[in-house]
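In: Kindly return the folded structure for what I paste below:
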Amino acid sequence: MRVGILGGGQLGRMIALAGYPLGLRFRCLEPSREAPMGHLSALVLGHYDDPVALDRFAEGLDVITYEFENVPVQSARRLARHTPVYPPPDALEIAQDRLAEKRCFQELGIDTAPFARVDSRDDLEAAIDDVGLPAILKTRRFGYDGKGQAVIRDAGDVVAAWNALGGNHLVLEGFVAFRRELSVLAARGRPGEVVCYPLVQNEHRGGILRLSRAPAPDLAPGEQAEAERIVHAVLDRLEYVGLLAIELFELVGLDGRIRLLANEMAPRVHNSGHWTIEGARTSQFENHLRAVVGWPLGPTTPHGCSAMVNLIGRAPAEAAVLAIPGAYLHLYGKAPRPGRKVGHITVCAPDHAQLEALLARVRPLVADRDDPSAGPSLTA
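Out: Predicted coordinates:
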């Protein structure tokens with residue numbers, strides 16, 4: 001079976017690596033000749049909105065998917081007229097727009113931070129009155145890894161935030177006092193069956209994911225079930241096929257009860273699921289492929305406890321990482337560059353205590369390689 005992937009980054013690379021043992025063949029459409037996936041897949045060079053490139057890419061494919069959410073929806077719909085495209089373009093369209101995404105959550109009875117649409121300076125003033133401060137002004141589209149955002153802590157920040165982002169279609173989101181950030185990943189197959197992975201605890205700095213732990217430690221009773229309720233509702237509403245990730249905020253009420261608020265969703269395999277390659281019976285990448293080609297989904301049971309450490313800027317010496325028992329190194333074939341994800345390390349252990357001991361050995365190797373003054377990027 002021939003699978004097409006829109007995008008040739010590291011996520012596409014890991015999808016292909018999961019698919020080759022299953023006998024799948026791959027082709028990707030990508031504007032850059034240096035894309036990580038070009039090392040191991042047929043590569044069609046072209047832009048995602050180029051009809052000639054799209055037609056060349058699609059010829060002879062059995063199914064098409066994507067590895068990032070900024071594929072033009074019109075291109076996905078064009079391809080879907082001739083070849084199945086999963087996740088469906090309608091789901092892609094909602095996930096590309098933070099306002100549409102929030103409204104989708106709202107319609108499904110899923111809690112979010114307070115938010116308001118902003119299309120003008122007057123809208124921004126009205127949104128601040130409605131949502132309150134502090135808040136974050138965000139572009140509705142194309143924001144990732146902390147890009148396209150401006151924090152408004154008080155009235156003195158409004159002008160700078162508007163000058164930075166004004167003129168775009170925006171959304172203002174209120175701050176929430178969350179205890180930690182979590183994510184839930186699930187795959188839905190063509191017939192509608194769903195499998196969910198354990199909740200993951202994530203730590204960000206500078207808008208970039210630095211560390212994920214799975215399963216998330218110290219979950220409250222019913223917390224995993226609530227996360228699965230949230231992701232099931234979205235999957236079914238969108239008639240989704242493939243892997244979906246939803247980022248969540250965990251809040252603790254005055255009564256001590258735990259609440260989960262949906263932040264954003266990603267209609268693709270996700271950085272916080274990289275641990276599943278070594279840490280789960282079926283990786284997120286394999287289950288995404290099983291879903292989009294119409295095969296049965298695999299079990300998501302974890303092998304003990306795992307952590308995923310992003311490598312930002314530059315990678316450490318391979319031998320230093322591989323000398324740590326239970327550590328697995330993944331390099332993406334990307335040139336070093338400040339702020340760039342060039343690889344990740346997965347650490348696996350039987351329990352959380354042993355996992356933390358191994359992370360303590362990884363920590364000195366993964367200070368921000370592009371900014372030594374920043375110190376280690378992992379927290380205990």
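In: Quick one: the helices in the stretch 251-380 of the chain, in order.
Out: Ranges of helices in the stretch 251-380 of the chain, per DSSP state H, counting those that start in this stretch, are 276-279, 284-293, 318-322, 352-362.
In: Out of these, flag the one nearest Leu137.
Out: Each of the helices of the stretch 251-380 of the chain has some distance to Leu137 by C-beta to C-beta; the shortest is helix 284-293, at 31.6 Å. The C-beta positions use only the backbone N, C-alpha and C, and glycine is treated the same way.
In: mind checking how far the closest one is from the chain centre?
Out: Centroid separation for helix 284-293 versus its chain: 16 Å, with C-alpha atoms, centre = their mean, to the nearest Å.
In: Where does pLDDT dip in this protein?
Out: 143-146, 368-380 (pLDDT under 70).
In: Determine the set of other helices and strands touching the longest helix along it.
Out: Longest helix of the chain, by residue count under DSSP state H: helix 223-237. Helix 223-237 is packed against helix 98-107, strand 180-188, strand 194-196, strand 242-252, strand 258-266, with contacts defined by 3 or more C-beta pairs under 8 Å, 6 or more residues apart in numbering; DSSP states H and E.
In: let's see it at 10 Å
Out: Helix 223-237 sits against helix 89-95, helix 98-107, strand 180-188, strand 194-196, strand 242-252, strand 258-266, with contacts defined as 3 or more C-beta pairs under 10 Å, 6 or more residues apart in numbering; DSSP states H and E.
In: how near is Phe26 to Ile128?
Out: 47 Å (C-beta to C-beta, to the nearest Å).
In: between those two, who's got more neighbours?
Out: Phe26 (23 against 19; other C-beta atoms under 10 Å).
In: so that one, which of the three states?
Out: In three-state terms, and counting by DSSP: H, G, I helix; E, B strand; the rest coil, Phe26 is strand.
In: pretty sure it contacts Gly12?
Out: Yes. Using C-beta atoms under 10 Å, Phe26 is in contact with Gly12, at 8.1 Å.
In: can you list residues touching both of the two?
Out: Common contact partners of Phe26 and Gly12 (C-beta atoms under 10 Å, 6 or more residues apart in numbering): Ile5, Met37, Leu40, Ser41.
In: and these as TSV, adding distance to Ala291 and secondary structure?
Out: Shown next, in TSV, are these (distance: C-beta to C-beta, whole Å; DSSP: H, G, I helix; E, B strand; the rest coil):
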residue	distance to Ala291	secondary structure
Ile5	14	strand
Met37	20	helix
Leu40	22	coil
Ser41	20	coil
